[in-house]
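Q: return a 3D structure for these sequence lines:
(chains A and B)
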Amino acid sequence: GIQVEQSPPDLILQEGANSTLRCNFSDSVNNLQWFHQNPWGQLINLFYIPSGTKQNGRLSATTVATERYSLLYISSSQTTDSGVYFCAVEYSGGSNYKLTFGKGTLLTVNP
Amino acid sequence: DTEVTQTPKHLVMGMTNKKSLKCEQHMGHRAMYWYKQKAKKPPELMFVYSYEKLSINESVPSRFSPECPNSSLLNLHLHALQPEDSALYLCASTQGVAYNEQFFGPGTRLTVL
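A: Now for the predicted structure:
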């Protein structure tokens, strides 16, 4: 199956700082999503980005499918950005429905 | 409306109890999913229903029994669970088969005593 690796595993920031989270995957994918899991467990969709670049407010994401990685940028971080960020991919050679998740990046933003 | 709802939010049950988790979406999506998530781990897929038919069962023990009564509703029936089944149970939906964005519900936090 496909391997999905996220880095760093943990990240601590001061409010206002910028950060980049990385997701590497081992094979071709149909679909890549970034999620934020808040402290209550809700998985919030950030981006559906199998390729290219998207921006949404202070967040942006870039996926370079040919090089098998995706980046999530968070600018001017806020305490509400704290939580776990997951990258999940749908492997081209696998089941159409199945998302394979990375282990996540735990982000803590201190005031 | 991109909302998936789940009830209950929390559930505590004994090992001899029978309970059910409920998931609902009104986005017209035709595929619905159950995931299990343990603390500090990513979600793990359990079941997928596509067009109200079970498409994927990830070798889940029979004490978990899914049901899809219609295209908007997904249930997970629980019976004779073990304490290690305590976890966050997440429901998700997608519009169709592949190349689709998954939308998750808020989850049910289950504790088995």
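
Q: would you mind writing the CA trace of the helix or strand hosting B:Tyr89 as PDB?
A: Following DSSP states H and E, one finds B:Tyr89 within strand B:87-94. Output of strand B:87-94 as PDB, limited to C-alpha atoms (Å, rounded to 0.1, in the frame of the first residue of the first chain):
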ATOM      1  CA  ALA B  87     -12.400   5.300  20.800                       C
ATOM      2  CA  LEU B  88     -13.800   8.200  18.800                       C
ATOM      3  CA  TYR B  89     -16.100   7.000  16.000                       C
ATOM      4  CA  LEU B  90     -16.200   9.200  13.000                       C
ATOM      5  CA  CYS B  91     -18.600   9.200  10.100                       C
ATOM      6  CA  ALA B  92     -17.800  10.700   6.700                       C
ATOM      7  CA  SER B  93     -19.500  11.100   3.300                       C
ATOM      8  CA  THR B  94     -18.400  11.800  -0.300                       C
END
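
Q: tell me the strands beside the following helix or strand past that strand, with direction?
A: Proceeding N to C from strand B:87-94, the next assigned helix or strand is strand B:103-104, under DSSP H and E. Neighbouring strands of strand B:103-104 in its sheet, by DSSP bridges, are strand B:87-94 (antiparallel).

Q: who's in contact with the partner strand?
A: A:41, A:43, A:97, B:4, B:6, B:21, B:23, B:25, B:27, B:29-39, B:43, B:74, B:76, B:100-105, B:107-110 (CB atoms under 8 Å, 6 or more residues apart in numbering or on different chains). The way it works is simple: take the backbone N, C-alpha and C, and place the C-beta from them, glycine included.
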